[in-house]
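Colleague: Output the structure for:
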Amino acid sequence: MEIILKENIDKLGDAGEMVTVKPGYGRNYLIPQGKAILATPAAKLRHAETERQRAHKVERIIHEAKQLAKKLADVKISIGAKVGESGKIFGSVNAIQVADALKAKGFEIDRKNVSIADDTIKTVGTYSAEIKLHKEVTETISFEVVGE
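Modeller: Residues are numbered from 1 along each chain as shown. Reported below is the predicted structural model:
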C-alpha cells in the first residue's frame with residue numbers, strides 16, 4: 001500500500017515522503033490517526049507539485065545552514081565551571097551550557113542540536129561538540145572548559 005506521510009515517523013520516513021507500508025499498518029493506524037493519506041493518482045499529483053516547491057525552500061535552507069557552519073568553524077567558546085583542588089569540576093558540562101555559550105556569541109542553536117563527543121565532561125580542558133544545523137549539515141566545534 002502506497003501512502004504519503006503527513007508527519008515524520010521514526011524508522012519509516014519524513015513528512016511529505018511517499019512510502020510503501022503493509023496494508024494493515026496504513027489502513028488501521030497511519031490513515032485514521034491522520035499521520036498519512038492514501039496515495040491516489042490525484043494525491044500523487046498534489047504531492048509532486050508540493051515537492052517541487054519544497055525543493056526550492058530546502059535548497060535555500062541548506063545554503064543558509066552551510067553559511068552558518070562556516071561562521072561556527074571560527075568561533076572560540078570558553079565555558080567556566082567551578083573547580084575543586086584536584087582539577088575536577090563540580091558537576092559536569094553538558095549540551096545546555098554549550099548552547100548557552102553559543103547564544104552569548106550570537107548564534108541561536110537549540111540545545112537538542114548539540115551533541116558532545118564525551119558524554120560526561122568532569123575535568124578542565126578542550127573538548128569538541130557536534131552541532132546539527134540541518135539533517136544534511138553538521139559542524140564540529142571545539143570548546144574549552146576553564147576553572148572559575
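Colleague: tell me the pLDDT at residue 101?
Modeller: On the pLDDT scale, residue 101 is placed at 91.
Colleague: Tell me how this structure divides into domains.
Modeller: By the assignment in automatic domain parsing, the chain contains the domains 2-69, 71-147.
Colleague: Show me the helices in the chain, by range?
Modeller: Using DSSP state H, the helices found in the chain span residues 23-25, 41-73, 95-104.
Colleague: Quick one: work out the angle between the longest one and helix 95-104.
Modeller: With axes from the mean of the first three to the mean of the last three CA atoms, to 10 degrees defining the directions, helix 41-73 sits at 80 degrees from helix 95-104.
Colleague: Need the mean per-residue confidence for helix 41-73.
Modeller: The predicted model assigns helix 41-73 a mean pLDDT of 91.
Colleague: same check, this time on the first one
Modeller: Taken as a whole, helix 23-25 has a mean pLDDT of 95.
Colleague: Just give me how far it sits from the chain centre.
Modeller: 30 Å (CA atoms, centre = their mean, to the nearest Å).
Colleague: What are the contacting residues of it?
Modeller: Contacting residues not belonging to helix 23-25 are listed as residue 1 [CB atoms under 8 Å, 6 or more residues apart in numbering]. The way it works is simple: take the backbone N, C-alpha and C, and place the C-beta from them, glycine included.
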